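Enquirer: just to be clear, the model below is a prediction. Sequence and coordinates:
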Amino acid sequence: MESERVSLRKIHEHPMIPWNDLRKGDCCGYFESQSDGYYCKVCDLFVHKKCGDDEVSQFIDHPYHPNHTLKLRSRFSGLNTKCDLCDRRILFLSYRCDICNFDLDLRCFKYTPPEVIDNSEKHRHKLALVKKRTEIDCSAKCGKHSEGFPYKCDECDVSFHVDCVWHPKPLDHPTEVNHPYHSLHPLKLLTGPPPDYSDGKCRLCGRKVDKELFYHCSSCNFTLDMPCVLHPPPQVAVDLKAHDHQLTLLPRLLSFTCNACGLKGDRSPYMCVQCDFMIHQDCIGLPRVININRHDHRVSRTLLLGVVDSVCGVCRKKVDWTCGGFSCKRCPGYVVHSKCATRNDVWNGKELEGVPEEEEDTEPYVVIDENTIQHFSHKEHYLRRICGNGVLYEENKRCSACTHPIGLQSFYGCVDCDFSLHQNCAECLKRRRHVLHNERLTLVTNKDLEVFNCDACSRLSNGFMYKDGYKELDVLCGSISEPFVHPSHPHHPLYYIPTENDDKICNGCNIQERHVLRCIEGDCGFVLCFKCATQPKVVKHRVDDHPLSLCYGEEEEASGKYWCDICEKETDSKEWFYTCKDQRASLHRECVLGDSTGLMPRTVAKIWGKSYEVVLNNSVTRPFCKRCKDRCMYPIYFKLLGRTSETYICSVTCALFFHR
């Protein structure tokens, strides 16, 4: 629940939930038999309570870096470094010296490697820690080549990574255990990589074992990770949500198809012999009723989907109708794979069985008559609908929601004041679900014109936003839904397909983006980022008397070269560009739009901590940018407030470098 969240701002940016989970702590890298802690659902981050409490000091002095004090840093500080002692990549908390670029992860701080160790399994002599960073040719044959603080034997002139010869906590667990799922032989505690002959996975849960700590039987090639050793799954399970009969665990390698999710499994299912029913261990606890982030209604789990030739509403792949999954009771044919519906980036983790569904008023306006509405963002006056004629470009009026010019589109205008909304923007729901966030987003009118950064396209805006907690989307990105149709790819719709690695090259801007919309037809491979998907199709610019249209590149190489009339540099006809009515110009999109299209002119915007007046660049003379020294060429420029002399900045990018 929201009220249970705690703020640990010293170590993490998001609120965290008290949590009990037998998993390795992202804080210190260890399993704990009593692992009360805190969990961040946004980052899938688990912190042991003793690592997240106030005992974690902000500053420390460390014997292996005596010259300077080290300062606490957290993962969200943007560091992508390794610990100088153990050479592990720092995933969470660390201590850093900015003077020497010395980094120490939390584990090496809490369990500092001793100056001398005796590891007879790795080397016959004692090893001394060298307190000087050097290149390590590790004699453990670990395959890692890096610099760090090595353990060294002076007699034999050999070196080892700290991590290869010293493990601070194996003695906390017994060296051998007798386990109920492997009664033939005791399991031995091992550290380091799993044996070459094994698949490196736990026999019960299938997770890759942590190389620092796991149990293994070499006679039977049987491996268990720490969670399954300390808290093994029950031998029998009675869960009427999953199946009507008692289920028995088969702790063996076995190829099967899970009746609950339809996916293949290769080990240790729960089985009902009477029904020939098999299910993954983690499918037993599947919820019954949930919300997912790309469907307006609740979806419910069913043991038999029964919808032939259907596709999953998340991954868009075919669904086996003979297996279980999730379906919508209101929308016939809408089904989702069990695994897809319960992904961390699709489901918010809340079971809704028995929770009454509240009917919300999501409509943004009340209809007064055929052409008049009362919009929730402007209740004081009525808005009258004005149809765009496709010829006369309205550039003096701006939409208060997206901040773009009204242009050629139909819009609603206030009969008493200068308030306008594109018809499409006026129809944006007050509450809606979105593929980029697991909770329902609320449309915020942003009356204070606060500048925010859209989490989908990274553009700055001070228009309307869809918001929930830390998630903020501008009204254009926030209103995207599936299937999405774009004129650059008219033959097939686009979908947001969550994957483990969502970084793809956008066909519009040729930039690798994390959040993209994809074509799922065959081997098409068309990809579009949210920024390109929401760029205006028609704009007006002082370089031409006519509106400019967005062109999506030319199929064949054009004869001759194209030049942008704004920056006077060459353009690539195969890339997207803006062109005039007679098709004689190809203007860079960046030159036409600039990087501040989301900011409303004649407002005050706070950018990089400084206050600017947002000014339309439509006067006879263009001012010089204080940072780049060129004349401001974009549609909007900024006037820095609070200065005795007039200071102009041509773009958000120049504003960033100007204040560095």
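Expert: Structure's in. What do you need?
Enquirer: tell me the confidence at the closest residue to residue 434 other than its chain neighbours?
Expert: Sequence neighbours aside, residue 441 is the residue nearest to residue 434 in space, at 5.5 Å (criterion: CB to CB, 6 or more residues apart in numbering). From N, CA and C alone the C-beta is placed, and that goes for glycine too. On the pLDDT scale, residue 441 is placed at 95.
Enquirer: looks like residue 441 contacts residue 431 (just checking).
Expert: Yes. Contact criterion CB atoms under 8 Å: residue 441 and residue 431 qualify, at 7.1 Å.
Enquirer: the closest residue to residue 450 other than its chain neighbours: neighbouring residues, count only.
Expert: Leaving out its chain neighbours, the residue that sits closest to residue 450 by CB to CB, 6+ apart is residue 462, at 6.3 Å. Using other CB atoms under 10 Å, residue 462 is surrounded by 21 other residues.
Enquirer: phi and psi next, for residue 462.
Expert: phi -130, psi 30 (degrees, to the nearest 10).
Enquirer: residue 441 and residue 431: which is more packed in?
Expert: Applying other CB under 10 Å to residue 441 and residue 431 shows that residue 441 carries more neighbours, namely 23 against 16.
Enquirer: and that one, how close does it get to residue 480?
Expert: Distance check for residue 441 against residue 480: by CB to CB, to the nearest Å, it reads 12 Å.
Enquirer: who touches both of those two?
Expert: residue 434 (CB atoms under 8 Å, 6 or more residues apart in numbering).
Enquirer: residues contacting residue 57?
Expert: Applying CB under 8 Å, 6+ apart, we find residue 57 in contact with residue 72.
Enquirer: state the pLDDT value of it.
Expert: Value for residue 57, per-residue pLDDT: 77.
Enquirer: mind checking how far it is from residue 110?
Expert: In terms of CB to CB, residue 57 sits 11 Å off from residue 110.
Enquirer: now do the strands in the stretch 151-300 of the chain.
Expert: Secondary structure of the stretch 151-300 of the chain, counting by DSSP state E, counting those that start in this stretch: strands at 151-153, 158-160, 176-179, 182-190, 214-217, 222-225, 236-237, 247-249, 253-257, 264-267, 270-272, 277-279, 289-290, 299-302.
Enquirer: show the contacting residues for residue 94.
Expert: By CB under 8 Å, 6+ apart, the residues touching residue 94 are 72-74, 79, 81, 83, 103-106.
Enquirer: how far does stretch 66-82 stretch from start to finish?
Expert: 19 Å (CA to CA, to the nearest Å).
Enquirer: cool, and stretch 373-393?
Expert: OK, stretch 373-393 end separation, CA to CA: 23 Å.
Enquirer: need the mean per-residue confidence for it.
Expert: Mean predicted confidence for stretch 373-393 is 88.
Enquirer: coming back round to it: just the strands of the stretch 151-300 of the chain: most buried one?
Expert: Across the strands of the stretch 151-300 of the chain, averaging neighbours per residue (mean count of other CB atoms under 10 Å) puts strand 222-225 on top, at a mean of 24.
Enquirer: hang on, the earlier thing: ok, the residue nearest to residue 434 to residue 600 distance?
Expert: 21 Å.
Enquirer: quick one: the helices in the stretch 251-400 of the chain?
Expert: Using DSSP state H, counting those that start in this stretch, the helices of the stretch 251-400 of the chain run over residues 338-341.
Enquirer: same deal with the stretch 51-200 of the chain?
Expert: Going by DSSP H, counting those that start in this stretch, the stretch 51-200 of the chain shows helices at 106-110, 162-165.
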